[in-house]
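Chemist: Could you work out the structure for the sequence below:
(chains A and B)
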Amino acid sequence: MAWLHTWTGLVVGWVLFFVFATGTPGYFQYDITRWMQPERPQVQRVQIPEADRALVLGRALDRLDQLAPTANGWRITLPHESLSPRGWQELSIRWEDVPRPGHERGASGSERLDPLTGALQPGEVQPRATAGGLGLYRMHYMLHYLPYDWAIRLVGVCTMLMLLAIISGVIAHKRIFKDFFTFRPGKGQRSWLDAHNALSVMALPFFLMITYSGLVFFLFTYMPAGRDVQYGSHQAANKVFYDELLERHAHAPMTRPKADVAALVSQAEDAWGKGRVASVSIERHEGGAAEIVVTQAGAGDGGNGGSLDFWNPPRLRFDADTGALLPEEPNPGGGARLTQSVMLNLHEGLFAGIWGRWLYFAAGLLGCAMIGTGLVLWTVKRRRHHLVSGRESAEHPGVRVVEILNVATMAGLPLAIAAYFWANRLLPIDMADRAAWEFHSLFAAWLGTLFLAMARPLARAWVELLWGSCVAFALVPVINALTTDRHLGNSLRAGDWVFAGFDLTQLGLAALFALMAVKVQRRVILGKSRDPEVSRVSKVLGARPAARAEEGL
Amino acid sequence: MTPDVQTGTHLMMLVLGLAGLLSLAFASERHGEHLLGRMPDPRWRWSARAAGWLLLALSLALGMAAMGAGIGSALWLGWLSIAGLAWVFVFPHWPWRPALRERPPRVVREGIRAEAAAFPDPARRMGRRIAAVLLVFTIVPFAVGVSRVQIPPLERPDAIQGQIGPWAFTLAESDRKAPEIVDMDIPMKEFRLRFCDECDRHIRQATLKVNRPRSERATGMGFVGQRWERKAEIPLPATLRADSELWLTVTGKDGSVHQASWRMDKVSPATVAWFEQQRSAHAIP
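Modeler: Below you'll find the predicted structure:
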């Protein structure tokens, strides 16, 4: 089992490190996007005054009635704190026209309204072109510069091998309970093994969940046979399959409801609590009466009654003419869909409040650390000469390749991600394909770190790139301060926690890399060890500093 | 209203998790001796183990009571990971650990010194020079690429500025290249459209197609996207020539419909050239 763990882990380790490093910021993707669009003003959380609710909602309905008197559906989004997309949602209306014959969807439109008066709001400010946090997040399953179909299969294979590595790792780790808390620092290979074991065992629930549920996302891409046998493999069959699975209703044209919408919203708010109504939609299913559906807003940890089925929040259905409460509809797809939904939501963590999100973020970083320690362990076991001796060219070429890729991935990729944020602030605002150039910057920086890792002695490359990542992250808030007026001082004063949180996180990451850089520098350049024996020996030997420590990196 | 953050619950779950895992560590054979400085007696270990599991159960119960069974248990596992790792890295610095047993100092192999002295190594230097050159070759094309990058389509000089009904607009092809061929060999071309800031809120829909729309209901593909950059990708008919016309149809929120059209060779010379070349290559008149 040990060999299976070693080799499955090694082959896909770098791809998985990339997947974890780009997937982890995904738990804050909306906040990252917001930071990457500094033109958008800080959100003002304004509710509809309770006394004016009937007036404001009445104006919203008037406007919908004027714009789309007969429609496939209307929706009024009430001002509320939302979990996906994260953040404050403003009062807005949305309509979808009755589709033309032969078309599946009708044209749709939306408008923002003033929550105090119901008047039409001007359009939003035009932000700079950026792929934002979503772009970073999408790379963890779509990679970049690769056709989508190849990328998700490549990531799928790597994920499958990771699952294999996790399971074989648990089997190979014979003293999993005896050595539960064991970490012996300053002992070279032994310490790396301890650290790798401790990280893997402690966060095992997260690793198992994230790997397995990651595969579930592309269930029908990776394993299409069952569906294709039942439904056929062409696109039309695909649609039939999903229509049946999701029990999609055919829509029929609806008109303005007679029921008092404001009263229904109040009724829902009495049941759920103040500010917990996300939206009101009005639609009619083929062959039925028009209905008003009031949907609850997610509330972070503990909201939604603890359910992990994020996509089916509590709803109240009313008859659009009489306002009578209609019976609850069972969620489509039954137990199988519910299981899938829970798995996907565990993966994405959409349900999580701010504490839960930080937990997910920390777990993602632990994933990077687990993969990183595993890769380093592979080289520490196999290199014949110590890193401090600077004799890496005398190593086996395979070991040398792994060493270089390790530096470029673990110390270089973070620097490249910081370069993505740099590019967002430094590239000219009015350049064509600006969002694409943010990605080009990331990958150019990463390629640069790879060549730097090849061009420098290995020990130096580690130290230099770790410091490089530290400086790159530390300068992100500085560049932000120089290029926008939303620097840390301003955002803290304004209580803008999206901007302040982003800048502070960059400083936190910089501190983390500084810590790593100092540690590595002490071991492989200065040859100082925390292990008193090694230090004593090096003093006795009195050789050139690089030759001192016996154990290193 | 901001959502309930439940800081107290989360911190309490962490504290209980820390306490529970510490208690379990006291109870374990390996860590108990390390942490207490002596081997605890079996009865003591048994109660420490029971207390440990009880504290972990309490932490779980607290989470489930405050956040529901699903979210509570998921985040409980998260806090346990953090708590466990915290102890892993604290235990080596545990102040009450027993004195280390004396071990003879390890002797560094003489070999390391000899190896270090045996440098330099010409093969290594060569490889590094190549890598350094490649590093430069990464930076240079990137810098050149950024400096040569073009201005956005709607700000190019060839973009069409015009007025349709009461509204001012700008229209341009996304790139000045030949059409993109998609499935079933259909050539496609993407266009961008922007209305003046004040105009945009009065627009209900804008559609685009090659050749005059035959009816009010078949005006082509609708533009989608943000107001500052609406996009539409339209299929191009095989009969497209320089004098074919591109028709823009704009519907206002007031119900009014306005149309404008341009010759294809004015909007997209590259597209016209591509069709000509296709025709000559396939000897189509």
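Chemist: And A:Trp88, which helix or strand is it part of?
Modeler: strand A:86-89 (DSSP states H and E).
Chemist: what sits up against that strand?
Modeler: For strand A:86-89, the external contacting residues (CB atoms under 8 Å, 6 or more residues apart in numbering or on different chains) are A:30-31, A:34, A:43-45, A:77-82, A:278, A:498. Placement of C-beta: from N, CA and C, glycine included.
Chemist: and the residue lying closest to A:Thr24 once chain neighbours are set aside, what does it touch?
Modeler: Nearest non-adjacent residue to A:Thr24, counting by CB to CB, 6 or more residues apart in numbering or on different chains: A:Gly364, 3.0 Å away. If you count contacts by CB under 8 Å, 6+ apart, A:Gly364 has them with A:Phe20, A:Gly23, A:Thr24, A:Tyr27.
Chemist: wait, isn't the second one in contact with A:Met142?
Modeler: Meaning A:Gly23. No: under the criterion of CB atoms under 8 Å, A:Gly23 is not in contact with A:Met142, lying 11.2 Å apart.
Chemist: And those two? Which one has more around it.
Modeler: Ranked by neighbour count (other CB atoms under 10 Å in any protein chain shown), A:Gly23 and A:Met142 place A:Gly23 first, with 24 against 17.
Chemist: distance of the more buried one from A:Leu199?
Modeler: 17 Å (CB to CB, to the nearest Å).
Chemist: Repeat that for A:Gly367.
Modeler: For A:Gly367, the distance to A:Leu199 - CB to CB - is 9 Å.
Chemist: re earlier: would you say the residue nearest to A:Thr24 is within a helix?
Modeler: Yes: according to DSSP: H, G, I helix; E, B strand; the rest coil, A:Gly364 belongs to a helix.
Chemist: and the lengthiest strand in chain A, what does it pack onto?
Modeler: The residue-count maximum for a strand in chain A (DSSP state E) belongs to strand A:277-285. Packing contacts for strand A:277-285, counted by 3 or more CB pairs under 8 Å, 6 or more residues apart in numbering or on different chains; DSSP states H and E, involve strand A:73-77, strand A:80-83, strand A:251-252, helix A:261-272, strand A:290-296.
Chemist: could you dump these to TSV with mean pLDDT?
Modeler: Converted to TSV, these look like this (pLDDT from 0 to 100):
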stretch	mean pLDDT
strand A:73-77	96
strand A:80-83	90
strand A:251-252	88
helix A:261-272	93
strand A:290-296	94
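Chemist: Tell me which of the ones you listed sits nearest to chain B.
Modeler: Shortest distance between chain B and the helices and strands packed on strand A:277-285, using CB to the nearest CB, is found for strand A:80-83: 5.4 Å.
Chemist: So what are the sheet partners of the closest one and their directions?
Modeler: Using DSSP bridges, the strands paired with strand A:80-83 are strand A:86-89 (antiparallel).
Chemist: In three-state terms, label the residue of the stretch 151-300 of chain A found nearest chain B for me.
Modeler: Closest residue of the stretch 151-300 of chain A to chain B, CB to the nearest CB: A:Gly275 (3.6 Å). Classification of A:Gly275 by three-state DSSP places it in coil.
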